[in-house]
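Enquirer: Here is the input, now give the coordinates:
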Amino acid sequence: MRHTPDKIWTEILSDLSDTARDDVYLRQAKPTDLTDSILTVTVPATLAKDQIESRFSTDINSALKKSVGQSGSLNIQVTEPDPQPRPSTSSASSTGSDSAALPADSPDSSGGATLNSRYTFDRFVIGTNNRLSHAAAVAASENPGEVYNPLFFCGGVGLGKTHLLHAIGNRVHEIHPELKVLYVTSETFMNEYIDSIIVRTTSQDFRGKYRTADVLLIDDIQFLQRKDGTQEEFFHTFNELHQNSNQVVMTSDRPPKNLEAVEERLRSRFEWGMVAEISTPQFETRVAILRQKCEDHGFDSVPDPVLNAIADIGQTNIRELEGALLRLVTEAGIFNEELTDEFAYRVLGNHTGPPSKPGHSAITAEDILKAVASYYRVKVSDLKSAKRTKQLAFPRQIGMYLCRTLTGLSFAEIAAACGRRDHTTVMHACNQIADAIQRDSELKQTVNFLIEDLK
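Expert: So this is what the prediction gives:
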């Protein structure tokens, strides 16, 4: 065959930097499957999965598209669940990877693991980017099948979609212990469906397992794209659950209307209830998330200026934030460095943060606007004007994003520098560009070029 998982993975690694290829987490990744341009690799622990997704997913996906085409995407699977102590309370349970879930401390008649007890509503940091999603999740967990059915969460990698799925399951177990809850990834659903075809005696078991769930939580529904047989089976599963007023909750990296390789009849059903989009967290929410992660990891000595620096540098999702925090704490310990905001800027690669050497001149908003105007061949005065043409709107958003990333200016100050009256315009622009960078490797290269140019 022209394309094999090993061959594609080797090509991808050759496209990465020497530092990336030597990364301890990437070295743990093993390519196992290539189906419909989706490359599956396995890693031995959730931490490795999170680190690869937060630090390398954009570059890997970009390299993958070169090898197999624009439809190429990466799927990282954990081969074994991280060991977690099993709590004795009815609302908590041990950690599983991607299979089914039943109430904690109960026999698992569906053949899966239990829900992740760490993912609860009280550990979910609420911000303007996810407030609606959180409220819908709580409502669905307290009255399953009665409100927001189906419930569809969409958003980029590492924004808390899976957390909400598990939180719903944990809350249902707590207040409705008699209900059967099933958590599964779309890949697991597909694999079990294939098994049911190969071994016909399991077909009835497969349908019985999924169509009798009181609450079905299915992660990464986008991987059903181009899987016609699996889509057909899920269509009938969805219909039976919905007709019986059983709750269905799904996550995806994009809204239903953008799942172009999913049948129209399924896409329309995904929109029957509530579609809740989770965007990238704003600065204040990122700081709150970092404080939560410090508590999770027992880091009680990380100063607020360091957390502010991590949040300011441009990490756009929860996994990136946690990865940056872990890296700082680890390197500070190894090299016996004091945890300061200057150390954070230096380690995380943003040398345009607080100057560490005398005479280092800070980058200004005017510098950024000039660089952006030059790159996009427009006038600075036009970027600051009220003109709303597409030719100006996008570069203007880029300028606002870079101002937020490379300067210490507040949203209001950036708005004033860019000729805008309302600081929410800047907040929206920053969220839009941060989200777009995660999906568009070419845009990421453009932004990095402008940053290097400004340095």
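Enquirer: What segments of the stretch 251-400 of the chain are strands?
Expert: Counting by DSSP state E, counting those that start in this stretch, the stretch 251-400 of the chain has strands at residues 274-277.
Enquirer: which stretches of it aren't confidently modelled?
Expert: For the stretch 251-400 of the chain, the stretches flagged by pLDDT under 70 are 314-315, 349-362.
Enquirer: quick one: contacts for residue 179?
Expert: Each residue near residue 179 by C-beta atoms under 8 Å, 6 or more residues apart in numbering is listed here: 144, 172-173, 214-215. The C-beta positions use only the backbone N, C-alpha and C, and glycine is treated the same way.
Enquirer: Ok, residue 414 next?
Expert: Contacts of residue 414 (C-beta under 8 Å, 6+ apart): 365, 400, 403-404, 407, 423, 426.
Enquirer: Which other helices and strands does the helix or strand containing residue 74 contact?
Expert: Using DSSP states H and E, residue 74 falls within strand 73-78. Contact partners of strand 73-78 among helices and strands, from 3 or more C-beta pairs under 8 Å, 6 or more residues apart in numbering; DSSP states H and E: strand 38-43, helix 46-68.
Enquirer: out of these, nearest to residue 339?
Expert: For residue 339, the closest of the helices and strands packed on strand 73-78 is helix 46-68, at 20.1 Å, according to C-beta to C-beta.
Enquirer: Can you show me the helices along the stretch 251-400 of the chain?
Expert: 264-270, 283-297, 304-313, 318-334, 341-347, 365-376, 380-383, 390-406 (DSSP state H, counting those that start in this stretch).
Enquirer: returning to that earlier point: what would the helices and strands packed on strand 73-78 look like in a markdown table with distance to residue 152?
Expert: Listed next are the helices and strands packed on strand 73-78 as a markdown table, based on distance: least, C-beta to C-beta, whole Å:
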| stretch | distance to residue 152 |
| --- | --- |
| strand 38-43 | 21 |
| helix 46-68 | 21 |
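Enquirer: Lowest average pLDDT across those?
Expert: In terms of average pLDDT, helix 46-68 trails the rest of the helices and strands packed on strand 73-78, at a mean of 80.
Enquirer: Could you check that one and say which residues are buried?
Expert: 46-64, 67-68 (16 or more other C-beta atoms under 10 Å).
Enquirer: Stretch 427-441 too?
Expert: Those buried within stretch 427-441 under the rule 16+ other C-beta under 10 Å are 427, 429-438, 441.
Enquirer: among the residues you listed, which one has the lowest pLDDT?
Expert: Confidence-wise, residue 438 trails the rest of those, at 72.
Enquirer: hang on, residue 3 in a helix?
Expert: No - Residue 3: not assigned to a helix; according to DSSP: H, G, I helix; E, B strand; the rest coil it is coil.
Enquirer: Identify the residues contacting it.
Expert: Contacts of residue 3 by C-beta under 8 Å, 6+ apart are 34, 67-68.
Enquirer: all strands in the stretch 51-200 of the chain, in order from the N-terminus.
Expert: 73-78, 151-154, 181-185.
Enquirer: per-stretch mean pLDDT over these, give me the minimum one.
Expert: strand 73-78 (a mean of 86).
Enquirer: So residue 438 sits against residue 320, correct?
Expert: No - applying C-beta atoms under 8 Å as the test, residue 438 and residue 320 come out as separate, 9.4 Å apart.
Enquirer: follow-up on the earlier one: out of the contacts of residue 179, who has the most neighbours?
Expert: residue 173 (27 neighbours; other C-beta atoms under 10 Å).
Enquirer: Relative to residue 167, how far out is residue 10?
Expert: 39 Å (C-beta to C-beta, to the nearest Å).
Enquirer: of the two, who's got more company?
Expert: Taking other C-beta under 10 Å, residue 10 and residue 167 do not tie; residue 167 has more neighbours (24 against 12).
Enquirer: Could you pull up the residues touching that one?
Expert: 119-121, 124, 137, 141.
Enquirer: And residue 269, by the same measure?
Expert: 150, 235, 238-239, 242.
Enquirer: Look at residue 81 and report its pLDDT.
Expert: pLDDT, residue 81: 43.
Enquirer: mind giving me a markdown table with the contacts of residue 3 and columns for distance to residue 15?
Expert: Converted to a markdown table, those look like this (distance: C-beta to C-beta, whole Å):
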| residue | distance to residue 15 |
| --- | --- |
| 34 | 17 |
| 67 | 9 |
| 68 | 13 |
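Enquirer: pull the CA atoms of stretch 330-338 into PDB?
Expert: Extracted C-alpha coordinates of stretch 330-338, given in PDB (Å, rounded to 0.1, in the frame of the first residue of the first chain):
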ATOM      1  CA  THR A 330       9.000  21.200  36.200                       C
ATOM      2  CA  GLU A 331      11.800  23.300  34.600                       C
ATOM      3  CA  ALA A 332      11.900  25.600  37.700                       C
ATOM      4  CA  GLY A 333      12.600  22.600  39.800                       C
ATOM      5  CA  ILE A 334      15.100  21.000  37.500                       C
ATOM      6  CA  PHE A 335      17.200  24.100  37.000                       C
ATOM      7  CA  ASN A 336      16.600  25.600  40.500                       C
ATOM      8  CA  GLU A 337      15.000  28.700  39.000                       C
ATOM      9  CA  GLU A 338      12.600  31.100  40.800                       C
END
